[in-house]
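Undergrad: Here is the input, now give the coordinates:
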Amino acid sequence: MNKRIPDLKQQLQQLVACPSVSATNPNLDMGNRGVVELLAAWLETLGFAVELMPLTGQPDKVNMIATLGQGDGGLILAGHTDTVPYDDGKWQSDPFKLDERDNRFYGLGSTDMKGFFPLAIEAAKSFIDKPLQQPLIILATADEETSMAGARALVEAGRPRARCAVVGEPTGLQPIRMHKGVMMEAVRITGQSGHSSNPALGANALEAMHGAIGELLKLRAEWQSRYNNPGFAVPVPTMNLGCIHGGDNPNRICGHVELQFDVRPLPGMALDDLRAELDQRLHASVTDRKFTLDYAPLFRGTEAFEQDANSELVKTAEKLTGHSAGSVAFGTEAPYFKSMGIDTIVLGPGDIDQAHQPDEYLGLERIEPMVEVLRGLIAKFCL
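TA: Predicted structure coming up:
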């Protein structure tokens, strides 16, 4: 078998050059099939058994499961293949052309998180001809940046199965065993428009929303009193009132208003329970029959994540990296793997402050240390 594939830099060049923007705006949204087909070709050349799993009704959005070896245990090296949109004109170089300068690789997705895949492949190459006792799985997902649809599809399929998983999001080479969840919600109140000269001619939805906002702030304070985890830089759950839109003119009674907000829950705060409480409290805040209130999630949300600090995976990652496992505020696909009974950590070479930014880059000094960590994890859980 010809096992020659592009080198690490060439792989990243090709991945960055293949646009895979995931966005809620349909004019910006695109598929990731081109990216996973590149990965599939390289991994098949190395002897992996590769399966592509298109999302239902979205043939251009695809998960990839590439497996070396057999069995139900082993290790998953996982990452998403989509990127966020980019700020056109704010990059010093073409975001789709890998640019090496200042001891960095610049390019869209270089750190979040296409750059993880060439490193995972480089680590895997050291084990191609070794007798694996448990499988090594390289997993690529679709739509992490928007809906988490790729990770959800894997959970629904119950695949892949493994003992451990590493999600290669940017953590600066520190193993992460906890992160907060995320909910994005909307509350809509409809009243009755009318001439502002006589309030009796309508029902002002903005005034009703004032009561709903007050109830949200009260609930936020209760949650922050009820829940606290000192393992996080911000140790309490947060609620951010993000945007509000209502009415159309100063001299008209506001007939409709919508508030969108997010909640970042701690581990142990189930999204279904939080939404039930939100629904009850919001409806109780607006009792006047002149108004109707509708509350609904903007997307399904992602649960908070926590891996046992004493698990073998956490202890191994701490030993290999020289860093104690910590927490982050951003969300990942880790809770989806955890929900399938897979011990999971988040660990990657990039820095989160580079993610979603113009001139995103991956520092070259991070590459070899990350490859060595991955080799150590593969040796521990697959040999």
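Undergrad: Just read off the phi/psi values of Trp223.
TA: Here is the backbone geometry of Trp223 (degrees, to the nearest 10): phi -60, psi -40.
Undergrad: what number of residues lie near it?
TA: Trp223 has 19 neighbouring residues, counting by other C-beta atoms under 10 Å. Quick note: C-beta positions are derived from backbone N, CA and C, even for glycine.
Undergrad: Who's the closest spatial neighbour of it, skipping the chain neighbours?
TA: Among residues not flanking Trp223 along the chain, Pro237 sits closest, at 5.1 Å (C-beta to C-beta, 6 or more residues apart in numbering).
Undergrad: all helices for the stretch 1-150 of the chain, in order.
TA: For the stretch 1-150 of the chain, the helices defined by DSSP state H, counting those that start in this stretch occupy 8-16, 33-45, 116-125, 149-157.
Undergrad: For the first one, name the packing helices and strands.
TA: The one in question is helix 8-16. When contacts are defined as 3 or more C-beta pairs under 8 Å, 6 or more residues apart in numbering; DSSP states H and E, helix 8-16 packs onto helix 33-45, helix 116-125.
Undergrad: ok, now which ones touch the residue nearest to Trp223?
TA: Pro237 is in contact with Lys180, Arg220, Trp223, Gln224, Tyr227, Val263, Arg264, Pro265, Leu266, Met269, counting by C-beta atoms under 8 Å, 6 or more residues apart in numbering.
Undergrad: cool, and Gly74?
TA: Counting by C-beta under 8 Å, 6+ apart, Gly74 touches Leu132, Gln134, Pro135, Leu136, Ile137, Ala162, Arg163, Cys164, Phe381, Cys382.
Undergrad: Narrow these to those in strands?
TA: Leu136, Ile137, Cys164 (DSSP state E).
Undergrad: Now flag whichever of these is closest to Leu364.
TA: Nearest to Leu364 among the ones in strands among the contacts of Gly74 is Leu136, at 25.1 Å by C-beta to C-beta.
Undergrad: which of the contacts of Gly74 sit farthest apart?
TA: Across those, the longest distance by C-beta to C-beta is 13.9 Å; it joins Leu132 and Cys164.
Undergrad: Between these two, tell me which one has more neighbours.
TA: Between Leu132 and Cys164, counted using other C-beta under 10 Å, the more crowded position is Cys164 (26 against 18).
Undergrad: Can you check the pLDDT for that one?
TA: The score at Cys164 is 98. That number is its pLDDT.
Undergrad: Name all residues that make contact with it.
TA: Gly74, Leu75, Ile76, Glu312, Leu313, Ile342, Asp343, Thr344, Leu377, Phe381.
Undergrad: mind redoing it with 7 Å?
TA: Leu75, Leu313, Ile342, Asp343, Phe381 (C-beta atoms under 7 Å, 6 or more residues apart in numbering).
Undergrad: part of a helix, is the second one?
TA: Yes - with the criterion set as DSSP: H, G, I helix; E, B strand; the rest coil, the secondary structure at Leu313 is a helix.
Undergrad: could you measure it against Gln307, distance?
TA: For Leu313, the distance to Gln307 equals 7 Å [C-beta to C-beta, to the nearest Å].
Undergrad: Give the residues shared as contacts by these two.
TA: Common contacts of Leu313 and Gln307 (C-beta under 7 Å, 6+ apart): Asp343, Ile345.
Undergrad: in stretch 74-93, what's buried?
TA: Neighbour-count burial for stretch 74-93, counted by 16 or more other C-beta atoms under 10 Å, picks out 74-86, 91.
Undergrad: what does stretch 295-315 give?
TA: Across stretch 295-315, burial judged by 16+ other C-beta under 10 Å covers Tyr295, Gly301, Thr302, Glu303, Ala304, Phe305, Glu306, Gln307, Ser311, Leu313, Val314.
Undergrad: Then stretch 138-158?
TA: 138-154.
Undergrad: What of stretch 267-280?
TA: By neighbour count on 16+ other C-beta under 10 Å, the buried set for stretch 267-280 is Pro267, Met269, Leu271, Leu274, Arg275, Leu278.
Undergrad: How about stretch 173-189?
TA: For stretch 173-189, a neighbour-count test (16+ other C-beta under 10 Å) marks 173-185, 187-189 as buried.
Undergrad: Top of the contacts of Gly74 by number of neighbours, please.
TA: Counting by other C-beta under 10 Å, top hit in these: Ala162 with 28 neighbours.
Undergrad: Single out the most deeply packed of the helices of the stretch 1-150 of the chain.
TA: Highest mean neighbour count of those: helix 116-125, a mean of 24 (counted as mean count of other C-beta atoms under 10 Å).
Undergrad: Tell me the backbone dihedrals of the residue most central in space within the chain, please.
TA: What sits nearest the mean C-alpha location of the chain, by C-alpha atoms, centre = their mean, is Thr332, with 3.5 Å. When read as degrees, to the nearest 10, the backbone of Thr332 gives phi -140, psi -170.
Undergrad: and it, what does it touch?
TA: Val167, Glu169, His179, Val346.
Undergrad: Am I right that the first one is in contact with Glu333?
TA: In other words, Val167. Yes - Val167 lies in contact with Glu333 (C-beta atoms under 7 Å); the separation is 5.7 Å.
Undergrad: Start and end of stretch 309-325, how far apart?
TA: Stretch 309-325 has an end-to-end distance of 8 Å (C-alpha to C-alpha, to the nearest Å).
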